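1. Just to be clear, the model below is a prediction. Sequence and coordinates:
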Amino acid sequence: MYVGALELDVLLGDVHSLKQKRSVVRPVLAELRRKFEVAVAEAGHLDLHRRALLGVSCVAAESGHVIEVLERCERLVAARPELELLSARQRMLGPEDE
C-alpha cells in the first residue's frame, strides 16, 4: 500500500473576507474529490483570507498511480484562474517505510 500526500499553497484572487474565501475554496475541493476520488481539505492558513493550504491524499496499491493522481490534482489547481499556486509539495509513504 502506498499513501501519497500533496500540500498546495495557493494565493486567492480578489477575496476580502473569510466567507468569500470559502466560496472560492469549496468548489475546488469538491472538484478534486469528484474527479480524482481523493481525500482533500483546507489544511492551513485558515485565518488568512487570501491564502489557503490545500491538503490532498491518495491511497493505492502502486506508487506510480499515487504519483500520477497527485500530479493531476496539482495541474488542476494550477490551471484555476482564480488561484495562484505558490508551492506544491508531495510526500509518499510505502511498505518500506516504518
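-> Structure's in. What do you need?

2. Could you tell me the average pLDDT over the lengthiest helix in the chain, please?
-> Identified as the longest helix of the chain according to DSSP state H is helix 18-36. For helix 18-36, the mean pLDDT works out to 93.

3. ok, the helix or strand following that helix: who's next to it in the sheet?
-> On the C-terminal side of helix 18-36, the closest following helix or strand by DSSP states H and E is strand 39-44. Counting by DSSP bridges, the strands paired with strand 39-44 are strand 51-60 (antiparallel).

4. quick one, the partner strand and helix 18-36 angle?
-> Angle between the axes of strand 51-60 and helix 18-36 is 20 degrees (criterion: axes from the mean of the first three to the mean of the last three Cα atoms, to 10 degrees).

5. tell me which residues in strand 51-60 are buried?
-> 51-58 (16 or more other Cβ atoms under 10 Å). The C-beta positions use only the backbone N, C-alpha and C, and glycine is treated the same way.

6. pLDDT on stretch 88-98, on average?
-> When pLDDT is averaged over stretch 88-98, the result is 88.
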